[in-house]
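Enquirer: Requesting a structural model of the entry that follows:
(one chain, ligands or ions: 1)
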Amino acid sequence: MTDFLDINTTPPEALRSIIDNALAMKSARKGQPKGTPDAEQPLANHMVALIFEKPSTRTRVSFDVGVRQLGGQTLVLSGADMQLGHGETIADTARVLSRYVDLIMIRTFEEQTLVEMAEHATVPVINGLTNRSHPCQIMADIMTFEEHSGPIKGRKVVWSGDGNNVFNSFAHAAGQFGFDLTFTGPPTLDPEPGSLDEARSRGVNVTIERDPAKAVEGADLVVTDTWVSMHDPASARERRHNQLRAYQVNEALMARAKPDALFMHCLPAHRDDEVTSAVMDGPNSVIFDEAENRLHAQKAIMRWCLGV
Ligand code: CP
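Expert: Numbering: from 1, shown residues only. Predicted coordinates:
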C-alpha cells in the first residue's frame, strides 16, 4: 500500500503503469452507461474517504464515480464539517479515519496538512490538490496528451500565465516523463525554483521566456490556468489580471504553436480572461477529454495505492 502525494516522489515506472492502466480501463468501458460497474471490482468491500477543504466539481465527482465503478463505497466529507476544522489535529484525524476507511483522498490548503495526514494514516493517502501541487490533474493531462498526440517524451509543453500549483505538477511531470517545459508569465508570478531545478536535474529542458509569442514557438501543447487560484486572496484579482493580461491564450498565440498543438486547461476556466472561448471551443482544445480522464487516471491511481 502506497501514498500518491506527488508526481516527483512517485517512481517513473509506477507513473507509466498508472497511465497504461488508466487507458486500458477507459477502453474497456467505452460506450457503457456511466454507472456500469467495471468488469473487475478491485475496490469491492473498500471504503474511501474524500475530504474537501476547498471547493471542487471534477475531483469530487470523478473520485466518487471512479470508486463506485471499481466496486467500492465513498464518504464525501467537507473539512469545515469535520472536527479537523474545529481544532482536532491532523494526526488524530488520520489515525481515526484509518480505523474506518481503506483509502483517504484529501484536497487541502497547506502541503504540510497532506504530509501529516500521510505520516499518521495507516491507509494510503492521495493528494487531491494542495496550494503547492495537483498531481492527479497532471496524470490525467499526460494521459490525454498521449491519447491524442502519442508519447510525451521529448515533446515541448508551454505554460502561459501564473506559476501556480498546477504548473508545479507539470514541472514534476517534465522530469519524470522526459518532456521539455517552458514557462511564460510575469516575473512576479514565477513558479517556485525548486521544481524547475529538480526537473532540470533529471535532464529535461526547463526554460522561462517572458515573451509568450516566442515561448509557444514549436509547442506540442499549450496550457494555462485561472489567474486567481483558490488560495489567492480576492483582493489580488485586479493586480493579477493586469499582470497576466499579456499571457492570455488566444487564437493569435495558438497560431504560433505547431498546427496540431493541443490546448489544455484543468478547469474551471474564466472564459475570455486566461483563455478565449474561441480557443477553448476550438479544434485544438482537449479540455473535456482532460476532465473525463480525471476519472480513469484516478481509478488507476487508487488501484496502484492499494495494490489491487
Ligand atoms: N481541475 C480541478 O481540480 O477541478 P475541481 O476544482 O472542480 O475539482
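
Enquirer: Give the buried residues for the helix-or-strand element of the chain with minimal mean pLDDT.
Expert: Averaged element by element with mean pLDDT, DSSP states H and E, the chain has its least confident helix or strand at helix 237-244 (a mean of 91). Of the residues in helix 237-244, those scored as buried under the neighbour-count criterion (16 or more other Cβ atoms under 10 Å) are 240, 243-244. C-beta: built from backbone N, CA, C; applies to glycine.

Enquirer: can you check stretch 282-289 too?
Expert: By neighbour count, with 16+ other Cβ under 10 Å as the criterion, the buried positions of stretch 282-289 are 284-287, 289.

Enquirer: can you check stretch 113-126 too?
Expert: The neighbour-count criterion (16+ other Cβ under 10 Å) identifies 113-118, 120-121, 123-126 as the buried residues of stretch 113-126.

Enquirer: returning to what we had before: now, which of the buried residues of helix 237-244 sits nearest Gly31?
Expert: Leu244 (40.5 Å; Cβ to Cβ).

Enquirer: what separates the closest one from Ile7, distance-wise?
Expert: Distance, Leu244 to Ile7, by Cβ to Cβ, to the nearest Å: 25 Å.

Enquirer: go on, Thr182?
Expert: For Thr182, the distance to Ile7 under the criterion Cβ to Cβ works out to 18 Å.

Enquirer: now Asp211, nearest residue through space, not along the chain?
Expert: Ranked by Cβ to Cβ, 6 or more residues apart in numbering and with sequence neighbours excluded, the top spatial neighbour of Asp211 is Thr184, at 7.2 Å.

Enquirer: Mind telling me what element the closest residue to Ile138 other than its chain neighbours is part of?
Expert: Closest residue to Ile138 apart from its sequence neighbours, by Cβ to Cβ, 6+ apart: Ser169 at 4.1 Å. Assigned by DSSP states H and E, Ser169 belongs to helix 165-177.

Enquirer: Centre of the chain to the following helix or strand past that helix, how far?
Expert: For helix 165-177, the following helix or strand on the C-terminal side (DSSP H and E) is strand 180-184. Relative to the chain's own centre, strand 180-184 is displaced by 17 Å; criterion: Cα atoms, centre = their mean, to the nearest Å.

Enquirer: Now do strand 180-184 against helix 165-177, angle only.
Expert: In this structure, strand 180-184 runs at an angle of 160 degrees to helix 165-177, with axes from the mean of the first three to the mean of the last three Cα atoms, to 10 degrees as the basis.

Enquirer: And the longest helix along the chain, what does it pack against?
Expert: With DSSP state H applied, the helix covering the greatest number of residues in the chain is identified as helix 287-306. Taking 3 or more Cβ pairs under 8 Å, 6 or more residues apart in numbering; DSSP states H and E as contact, the helices and strands that helix 287-306 lies on are helix 12-28, helix 58-69, strand 103-107, strand 125-127, helix 135-149, strand 262-265.

Enquirer: Contacts only, for the spatially most central residue of the chain.
Expert: In the chain, the C-alpha closest to the average C-alpha coordinate belongs to Gln137, at a distance of 1.7 Å (Cα atoms, centre = their mean). The neighbours of Gln137, taking Cβ atoms under 8 Å, 6 or more residues apart in numbering as the test, are 129, 166, 169, 266, 294.

Enquirer: Grab the nearest non-local neighbour of the closest residue to the ligand within the stretch 151-300 of the chain.
Expert: Closest contact between the stretch 151-300 of the chain and the ligand, by Cβ to the nearest ligand atom, is at Cys266 (3.9 Å). Of all residues beyond its chain neighbours, the one nearest Cys266 is Gln137 (4.8 Å), with distances taken as Cβ to Cβ, 6+ apart.

Enquirer: still on that earlier bit, surely the residue of the stretch 151-300 of the chain closest to the ligand meets Asp141?
Expert: Yes: under the criterion of Cβ atoms under 8 Å, Cys266 lies in contact with Asp141, with a separation of 7.4 Å.

Enquirer: so what sits against both of the two?
Expert: Common contact partners of Cys266 and Asp141 (Cβ under 8 Å, 6+ apart): Glu290.
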